[in-house]
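Visitor: sequence first, predicted coordinates after that:
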4 protein chains.
Amino acid sequence: MHKIGIAVLGCGRIGRVHAGNIAAHPRAELVTCYDVAGAAAAGLAAQFGADCAGSVEQVLSDERVHGVLIASSTDTHVELITRSVGAGKAVLCEKPLDLDLARVAACREAIGPLASRVMIGFNRRFDPSFRALRERVAAGEIGRVEQVVITSRDPAPPPASYIAVSGGLFRDMTIHDFDMARYLVGDIVEVQAMGASLLDPAIGDIDTAMLMMRAESGALVHVNNSRRCVYGYDQRIEVFGERGMLQAQNRHKTTVEAWGGERTRAADPVEDFFIARYAEAYRAELDHFIACLESGAVLSPGFADGEAALRLADAIS
Amino acid sequence: MHKIGIAVLGCGRIGRVHAGNIAAHPRAELVTCYDVAGAAAAGLAAQFGADCAGSVEQVLSDERVHGVLIASSTDTHVELITRSVGAGKAVLCEKPLDLDLARVAACREAIGPLASRVMIGFNRRFDPSFRALRERVAAGEIGRVEQVVITSRDPAPPPASYIAVSGGLFRDMTIHDFDMARYLVGDIVEVQAMGASLLDPAIGDIDTAMLMMRAESGALVHVNNSRRCVYGYDQRIEVFGERGMLQAQNRHKTTVEAWGGERTRAADPVEDFFIARYAEAYRAELDHFIACLESGAVLSPGFADGEAALRLADAIS
Amino acid sequence: MHKIGIAVLGCGRIGRVHAGNIAAHPRAELVTCYDVAGAAAAGLAAQFGADCAGSVEQVLSDERVHGVLIASSTDTHVELITRSVGAGKAVLCEKPLDLDLARVAACREAIGPLASRVMIGFNRRFDPSFRALRERVAAGEIGRVEQVVITSRDPAPPPASYIAVSGGLFRDMTIHDFDMARYLVGDIVEVQAMGASLLDPAIGDIDTAMLMMRAESGALVHVNNSRRCVYGYDQRIEVFGERGMLQAQNRHKTTVEAWGGERTRAADPVEDFFIARYAEAYRAELDHFIACLESGAVLSPGFADGEAALRLADAIS
Amino acid sequence: MHKIGIAVLGCGRIGRVHAGNIAAHPRAELVTCYDVAGAAAAGLAAQFGADCAGSVEQVLSDERVHGVLIASSTDTHVELITRSVGAGKAVLCEKPLDLDLARVAACREAIGPLASRVMIGFNRRFDPSFRALRERVAAGEIGRVEQVVITSRDPAPPPASYIAVSGGLFRDMTIHDFDMARYLVGDIVEVQAMGASLLDPAIGDIDTAMLMMRAESGALVHVNNSRRCVYGYDQRIEVFGERGMLQAQNRHKTTVEAWGGERTRAADPVEDFFIARYAEAYRAELDHFIACLESGAVLSPGFADGEAALRLADAIS
């Protein structure tokens, strides 16, 4: 069987997750790695028996490479997408596309129909529970969707240095919830937000937020975000419709429940953060990318989804 | 033991609930009933061995009556409050105070310090779970409150005739959630809303709504409402803070859970509607009213709470 | 409306619960009370405006009394039942009938067909959740019943003085579970037990037990018991059958769930003990007794049920 | 890094699970496979790039092989264990050791101290939730253990041909629960059982069972088993002690809960069967085996554990 060759650009935390998944995928092969910090790429390459490229150019000219996984810093995404699709590669790019909507639009115009060769790493679409929830909604289990409630709270704030370049909470964190809203109810026509700085005013950005959105379908969507959540990475979705409600609940580390004099039926904390919480989602996301490359199917979520989420963040920033 | 004598003005559905609770209260006595529809009052009086008054005047001049429970139609509340406190009676008045904030303000000015003799029937404050939740928040269990999510969905829409005079969804339904928000996080300084008419456009009012509020304390509050919920009367509260989260979940008719080939751990539908769901709350509300009359404590929630909730509804109507 | 007159014999803890329920029942009247400790009867009578009888004879000769609620000490049950039905009264008698199977048989022979006038206070049959569970089983929701698991743990051991006269754990505690097993799967044809003394060997009785039973229907039943349970009064039932499983879970004081750094989704302790846990069951039990007196229906659970449960306890003692 | 070389003997369903885990383990290498059905071994070998051996002798003389994973039919276990440890290999052998206690004892005597080189595949000890439960018990969270309730129901009966050679329900199914009981409370000194044939009498074995055991520690243990469970593979453990209770609940496919007019909070069916339910346990079991080979630690659960579980099955057969 011919395996799909993949290159990883950017060998930081999330790049390493993807590299491990590629190496473990039965129909994919981790061909080569690249990072501006050469040591990071070399270490990852050694771990999985892949090559370590000295430049992006070397990666993109490698005929064994069918797809490029872009996990580098956000400000490089647009350029790497443009060059990769230009070199005939398919792309799976981490979100967000960029912090600047104008640059995204320029990229879209530059690559034209090759945008169909770009998949955006909205990993939550591939979470088994969220996916099952959407499929059941699509199958009509609860009829027309009227309300969606998305809870998304990080366990702990990122370093101030990250926030300084992240584009702020709406672009680095809510971006996922914008995409989840669109995944569940389609295009959004109205958005309002309230933000607050309750944790550490020195950080210069809001850390707590609530949003309301109206979908073209008529459904209303609520999102709540926090940069800090002591019981873990709080990730829940509720979809309410004319014939019932579906909720995707948090995932706990074990199924153990404790009963004592003070509290009963007490579960474990929820999964720490995205790498543990969405481990299956990252694998399923990659599997979808591979399957699309094999079948020639259009990649999804695509460039337009990345741009739409960013546009919503822009609308309230 | 000297019992506290109570009169019920308005002998419809909720008046009958209150009358039953008064009759069953060990330290209260249902003295007399009145309704513009005399037969309703007569039936209720006979059921509980109380008198049936021929006029409000007769009720208010009855020296056995210490407190008046106003459960008549909303447009009579202001007048009955004014007359009752003027006659030296304490009042427990169903929400809302009135649909017109100007009339409420005029009433407040008219009764002056006697406003302290008026308690508003915000029954949810007396629900054992919501009360426990608030007490635990007040005791500091989750530290500073940062977010509140209030879910409040009725099982089925009221008749169009009701909606025509109810003041609309924000005044007849969200009014409870405004009060709950204030009960949990104090005064509200900002409110935004999105409404939708998804169920029956002919009804001439929204039936689905989402709100965001900002409290003076800094906390953000989300409310979602629907006029129709197939699994029962959905009444939940989530309070998120710096050291954790407290959720008051729905109440189910039994504790039975069913496991089968399609679904597992399936609970019963939730309580049908407010009379069943808040049966304990109505009893506790009355008990609080009685205890205040006995001790001379200030009645709470008071006139100002009723006015504040209405002001929030006005702000988005 | 003519009310059903009831007398209470035995004015201790459980007698007071019943007296309160009788007084609050819309179609019953607490006529008179009696206790060998006259002051206990006098206090209860005064609380509910009933008479205080000076002797059992006085109670049984009172024509206003239709039914007698026997809540006196176990060793008086047989005599009071015999005298009460002889005086033409219906009886609702607390469990157990007696500790001595021979005395129970003699009583049965003595009263003959009047046994149909005796209802045994197996309160758990009237718990709304257990009742719903049985009705759903009877309606065929899970097909043939194959296994039953009954968990029944008291919060704290009774005083040694109680255990000295209670007949031991199987007769004072498991007796309820024997009846529950029969209520759910019918007659029992085989029983095995393992007991252990793990809490306080000085008490002279086992405090921990497990049982297995085989019903005539073929179903197997497990019971576990403990005299001490730190998280409250643990009362659960699981019924497993060919098409699924039904579980009646514990009842918690509120619906509040707490999420923190150590534990998530933590509920309150369960209800403390039988008076709180089975408050609704005691009311429903009385209501059933009243309704049977009104309609002339055969009382159930009846004398034979009381005897059958005691026979199972005897078989393993 | 030098990898631990492993051979798989027996390439049926469970052998393939183990082979996949070995191949994916970062510090292990699947060296060779063998099966009496050569095609099964060849297919597996090809899938993972391993050798395919023509005989057990060839496997055992292969110097690259450090450990042998025995997943062949039960009647071959004793011989393969004896030969493997004789050839200097460590062994991870699927349960049960054998159906005949005398053969097991003979094997034990034959291999003498080499028994310490044998690990038994009691996979459930490695389930993350059961393991966490045991660790919390061992850490004293609930004090002395007084009662254990083990629920273990298969989704569907095996073929009659399997039951004919399996040794019966106690040896092929309860064997896991015997080991789990010993894992949680140590040695068992008394066991009683009730079996029933409720599903298909033609099968010639019981299909439903309940057991009670007493541990040397004093704790009582209940086990319930069924060959058929419509809602999936029911695998739960409850441990009750002096300071509380810990329960390991079932695992569901997703976290989605459904609310509708008939049922609320309904979860998915539980995992289908052992390969899905214990996927993580099989990986952790192998990882433990590898880690022991690396460190030289005594293998556990060991030969004596396999023999003890079989002895309990024998006691009630």
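Guide: Looks like it came in fine. Only a predicted model underlies this, so the values are computations on that prediction, with no experimental measurement involved.
Visitor: so which residue is dead centre in chain A?
Guide: A:Phe122 (2.9 Å; C-alpha atoms, centre = their mean).
Visitor: give me the nearest residue to that one, chain neighbours excluded.
Guide: Nearest residue to A:Phe122 in three dimensions, chain neighbours excluded: A:Asp179, at 4.5 Å (C-beta to C-beta, 6 or more residues apart in numbering or on different chains). To be clear about C-beta, it is placed using only N, CA and C from the backbone, and glycine gets the same treatment.
Visitor: circling back: so what's the residue nearest to the centre of chain A up against?
Guide: A:95, A:176, A:179-180, A:183, A:301, A:305-306, A:309 (C-beta atoms under 8 Å, 6 or more residues apart in numbering or on different chains).
Visitor: report pLDDT for it.
Guide: pLDDT recorded at A:Phe122 is 97.
Visitor: and for A:Tyr183?
Guide: Per-residue pLDDT puts A:Tyr183 at 98.
Visitor: now it, what's its secondary structure?
Guide: Put simply, A:Tyr183 is helix when judged by DSSP: H, G, I helix; E, B strand; the rest coil.
Visitor: surely it meets A:Arg134?
Guide: Yes - in this structure, A:Tyr183 is within contact of A:Arg134 by C-beta atoms under 8 Å, at 6.4 Å.
Visitor: so what's the backbone phi/psi at the closest residue to chain D within the stretch 51-200 of chain A?
Guide: Closest to chain D within the stretch 51-200 of chain A is A:Ser129: 4.1 Å, counting by C-beta to the nearest C-beta. According to degrees, to the nearest 10, the main-chain angles of A:Ser129 amount to phi -80, psi -40.
Visitor: same deal with A:Ile290?
Guide: Here is the backbone geometry of A:Ile290 (degrees, to the nearest 10): phi -60, psi -50.
Visitor: so it sits against A:Ala28, correct?
Guide: Yes - at 5.1 Å, A:Ile290 counts as touching A:Ala28 under the criterion of C-beta under 8 Å.
Visitor: list residues touching both of these two?
Guide: With C-beta under 8 Å, 6+ apart, A:Ile290 and A:Ala28 have common neighbours A:Ile4.
Visitor: follow-up on the earlier one: so which elements touch the host helix or strand of the residue nearest to A:Phe122?
Guide: Here A:Asp179 sits within helix A:174-185, counting by DSSP states H and E. Applying 3 or more C-beta pairs under 8 Å, 6 or more residues apart in numbering or on different chains; DSSP states H and E, one finds that helix A:174-185 contacts helix A:128-138, strand A:145-153, strand A:188-196, strand A:208-215, strand A:220-226, strand A:234-241, helix A:303-315.
Visitor: again, 6 Å this time
Guide: Other helices and strands packing on helix A:174-185, by 3 or more C-beta pairs under 6 Å, 6 or more residues apart in numbering or on different chains; DSSP states H and E, are strand A:145-153, strand A:220-226, helix A:303-315.
Visitor: most tightly packed of these?
Guide: strand A:220-226 (a mean of 26; mean count of other C-beta atoms under 10 Å in any protein chain shown).
Visitor: what about dumping the CA coordinates of it to PDB?
Guide: Presented in PDB, the C-alpha positions along strand A:220-226 are these (Å, rounded to 0.1, in the frame of the first residue of the first chain):
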ATOM      1  CA  LEU A 220     -29.500  31.900  18.900                       C
ATOM      2  CA  VAL A 221     -26.000  30.900  20.200                       C
ATOM      3  CA  HIS A 222     -24.400  31.700  23.600                       C
ATOM      4  CA  VAL A 223     -20.700  31.300  24.200                       C
ATOM      5  CA  ASN A 224     -18.900  31.800  27.500                       C
ATOM      6  CA  ASN A 225     -15.200  31.900  27.900                       C
ATOM      7  CA  SER A 226     -12.700  32.100  30.700                       C
END
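Visitor: now do it against strand B:208-215, angle only.
Guide: Here strand A:220-226 runs at an angle of 30 degrees relative to strand B:208-215 (axes from the mean of the first three to the mean of the last three C-alpha atoms, to 10 degrees).
Visitor: mind listing what strand A:220-226 pairs with, with the direction of each?
Guide: strand A:145-153 (parallel), strand A:208-215 (antiparallel) (DSSP bridges).
Visitor: hang on, A:Val91 in a strand?
Guide: Yes - using three-state DSSP, the assignment for A:Val91 is a strand.
Visitor: hmm, back to that, wait, doesn't the residue nearest to A:Phe122 sit right on A:Leu310?
Guide: No - the criterion here is C-beta atoms under 6 Å, and A:Asp179 misses it with A:Leu310 at 9.8 Å.
Visitor: re earlier: so which of A:Tyr183 and A:Arg134 has more stuff around it?
Guide: Legend: neighbour count by other C-beta atoms under 10 Å in any protein chain shown for A:Tyr183 and A:Arg134, higher for A:Arg134 (20 against 17).
Visitor: could you measure from the more buried one over to A:Thr174?
Guide: Distance of A:Arg134 to A:Thr174, given as C-beta to C-beta, to the nearest Å: 19 Å.
Visitor: using the three-state scheme, assign A:Ser72.
Guide: Of the three states, A:Ser72 takes coil under three-state DSSP.
Visitor: dihedrals phi and psi, it?
Guide: Dihedral angles (degrees, to the nearest 10) for A:Ser72: phi -90, psi -180.
Visitor: excluding chain neighbours, what is closest to it?
Guide: Leaving aside its chain neighbours, A:Ser72 sits nearest to A:Gly10 (3.2 Å; criterion: C-beta to C-beta, 6+ apart).
Visitor: need the contact list for that neighbour.
Guide: A:35, A:71-72 (C-beta atoms under 6 Å, 6 or more residues apart in numbering or on different chains).
Visitor: quick revisit: can you redo the contacts of A:Phe122 as CSV with distance to C:Glu238?
Guide: Output for those, formatted as CSV (distance: C-beta to C-beta, whole Å):
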residue, distance to C:Glu238
A:Lys95, 46
A:His176, 40
A:Asp179, 42
A:Met180, 37
A:Tyr183, 39
A:Pro301, 44
A:Asp305, 46
A:Gly306, 49
A:Ala309, 46
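Visitor: just the closest of those to B:Thr208, please.
Guide: Using C-beta to C-beta, A:Met180 is the member of these that lies nearest B:Thr208, at 19.9 Å.
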